[in-house]
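K.L.:
Predicted model, plus sequence, below.
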Amino acid sequence: MRIRRYTGKDIHEAMLKVKMDLGSEAIILNTRKIRRKGVKGLLSKPLTEILAAVDDDIGLKKRIEAEKTKNSSDEKARIDLLETRLSQMETILKNIYNDTKKKDEQKVSEPLVKFENPKVENTRPPTISKYNVNPVDNPFSLIAKRLADKEIEPEIIDVLVQNIKQFAGNFESHDEVMAIAEKVVRDMLGRPQTINLRNDGKPTVVLFLGPTGVGKTTTLAKIAAEYSLNHQKKIAFISADTYRIAAVEQLKTYAEILNIPVSVIYTPQEIKEAIAGYQDMDLILVDTAGRSHNDELQFSELKALVNTAEADEIYLVLSCCAGRSACRDILKHYSFLKDFKLLFTKFDEVHVPSTILNVRYATGKPLSYITVGQSVPDDIEVVNVENIAKSIL
Ligand SMILES: Nc1nc2c(ncn2[C@@H]2O[C@H](COP(=O)(O)OP(=O)(O)O)[C@@H](O)[C@H]2O)c(=O)[nH]1
Ligand SMILES: [Mg+2]
């Protein structure tokens, strides 16, 4: 890690120096205003000083970045190819299923498996599985056990295993069933959706809600950096988190670094005015206070804010670390929301992102971004459902 100080006549000049010297991977540790020494300092405007750091393995990071960019341009072609292959695979699966079905007409007794799907039972004659020696070896039971070990809700396991069976038919090789299982989990996770910018010249208003400490403010800054630095969009922040002075200060610090205007509102009614003041912006990101679940007054204020803001999009921000019962509790409190997307933080702090599947199933709402560390602006990605399905299974 290398740490250096840079000064400039304003934040832009100082940031430029940071970028030229340390590159875009630099992390900003602190910014402050300083004066030149002596009489000259008293007469002139204060300078901006930035304390910035960069990891020494920056070369490695660069290579990873280059690889990422290459991959994303190839991605469309890859998805097309995969989709074609998948539909070919489905046809082959169906054919083999029909063949096996005929052959199995005379065979008897099916091994005892949990999560039997009655519909499949009624329409399909009993079969003998290669795995019928011991139910534990049955791939469906194995999958069910794995999911249960990973704290996936029992109801979800039930649905998943039914679907896997329906797709898998009589496929019995472990690898084949696992490949199908992954596809079923991916389908359940759905396609992630990101911010959809309006194209009528009006700003897109996006609200971030969620419990205290999940990472709303940090995430807002990451998204703002992405849209302002990489997409050249004009961004404004509105902070509705006035419960803690530090919360507003935190947002203001990011705003200053990114040169983004901020307005602070103290009552839900003020949001209209704040939005009206930013009509020349492309994107307005609204930070809110995490509410204590038990404080009904705070929640009714949050509801009022949601109703008054008439935001284009709402993101419910949740931590991957939240356990099953905590999640249920949180979702109950935010059940007044109609349309929203799910944004998960602290992916880097869990081994298996089971919470993502549990919450996705419980709400039926689309996934969006995922944050993978504390670093602003780097540690945010669009959810990769392939990776999540793999690690859940
Ligand atoms: N490990 C980890 N920490 C995070 C992540 N996102 C945010 N944090 C940390 O979580 C803490 C609370 O973040 P903050 O944005 O203030 O949360 P808020 O109260 O929801 O606004 C801070 O220390 C952040 O650095 C993440 O993806 N991974
Ligand atoms: Mg905050």
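P.N.:
Received, thanks. Ligands and ions are numbered 1, 2, ... in the order given.

K.L.:
now the strands for the stretch 51-200 of the chain?
P.N.:
Secondary structure of the stretch 51-200 of the chain (DSSP state E, counting those that start in this stretch): no strands located.

K.L.:
residue in it nearest to ligand 2?
P.N.:
residue 195 (18.8 Å; C-beta to the ion). For glycine as for every other residue, the C-beta is placed from the backbone atoms N, C-alpha and C.

K.L.:
How about the stretch 101-250 of the chain?
P.N.:
Residue of the stretch 101-250 of the chain nearest ligand 2, by C-beta to the ion: residue 217 (3.3 Å).

K.L.:
and the residue of the stretch 51-200 of the chain closest to ligand 2, what does it touch?
P.N.:
204, 206, 223, 227, 283, 313, 368 (C-beta atoms under 8 Å, 6 or more residues apart in numbering).

K.L.:
Quick check, the third one in contact with residue 286.
P.N.:
Okay, so that is residue 223. No: counting by C-beta atoms under 8 Å, residue 223 does not reach residue 286; the two are 11.7 Å apart.

K.L.:
out of the contacts of residue 195, which one sits closest to residue 163?
P.N.:
Within the contacts of residue 195, the smallest distance to residue 163 is 23.8 Å, found for residue 368 (C-beta to C-beta).

K.L.:
Just the element for that closest one, please.
P.N.:
Secondary structure assignment for residue 368, by DSSP states H and E: strand 367-371.

K.L.:
okay, and the helix or strand of this structure with the least pLDDT?
P.N.:
Lowest by mean pLDDT, DSSP states H and E among the helices and strands of the chain is helix 118-123, with a mean of 33.

K.L.:
Could you look up the next helix or strand downstream of the strand or helix carrying the residue of the stretch 101-250 of the chain closest to ligand 2?
P.N.:
Using DSSP H and E, residue 217 sits in helix 216-225. Next helix or strand after helix 216-225 toward the C-terminus (DSSP H and E): strand 235-239.

K.L.:
mind exporting that next one as CSV, just the C-alpha atoms?
P.N.:
This file holds the C-alpha atoms of strand 235-239, laid out as CSV (Å, rounded to 0.1, in the frame of the first residue of the first chain):
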residue,chain,number,x,y,z
ILE,A,235,-26.1,13.4,-10.5
ALA,A,236,-27.6,15.0,-7.4
PHE,A,237,-27.9,13.6,-3.9
ILE,A,238,-30.8,14.2,-1.5
SER,A,239,-30.2,13.1,2.1
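
K.L.:
Can you tell me what sits against that strand?
P.N.:
With contact meaning C-beta under 8 Å, 6+ apart, strand 235-239 is reached by 203, 220, 224, 227-228, 247-248, 251-252, 254-255, 258, 260-265, 271, 274-275, 278, 281-287.

K.L.:
which among those end up buried?
P.N.:
Among the contacts of strand 235-239, those classed as buried by 16 or more other C-beta atoms under 10 Å are 203, 220, 224, 227-228, 247-248, 251, 254-255, 258, 260, 262-265, 271, 274-275, 278, 281-287.

K.L.:
same for ligand 2: which of those are within range?
P.N.:
Residues of the buried ones among the contacts of strand 235-239 in contact with ligand 2 (C-beta under 5 Å from the ion): residue 247.

K.L.:
out of the buried ones among the contacts of strand 235-239, which are inside strands?
P.N.:
Secondary structure from DSSP state E places 262, 263, 264, 283, 284, 285, 286, 287 of the buried ones among the contacts of strand 235-239 in strands.

K.L.:
got a list of what the first one touches?
P.N.:
I take that to be residue 262. Residue 262 is in contact with 236, 237, 238, 239, 251, 252, 255, counting by C-beta under 8 Å, 6+ apart.

K.L.:
Please settle this for me: is residue 316 part of a helix?
P.N.:
No: read with DSSP: H, G, I helix; E, B strand; the rest coil, residue 316 is strand and lies in no helix.

K.L.:
which residues does it bridge with?
P.N.:
residue 209, residue 342 (DSSP bridges).

K.L.:
Kindly report the residues of the protein close to ligand 1.
P.N.:
Within the chain, the positions near ligand 1 by C-beta under 6 Å from any ligand atom are 212-218, 290, 345-346, 348-349, 371-374, 379.

K.L.:
Drop anything exposed from these.
P.N.:
Applying 16+ other C-beta under 10 Å to those flags 214, 215, 216, 217, 218, 290, 345, 346, 371, 372, 379 as buried.

K.L.:
hmm, which two among those residues are most spread apart?
P.N.:
Taking C-beta to C-beta, no two of these sit farther apart than 290 and 372, at 20.6 Å.
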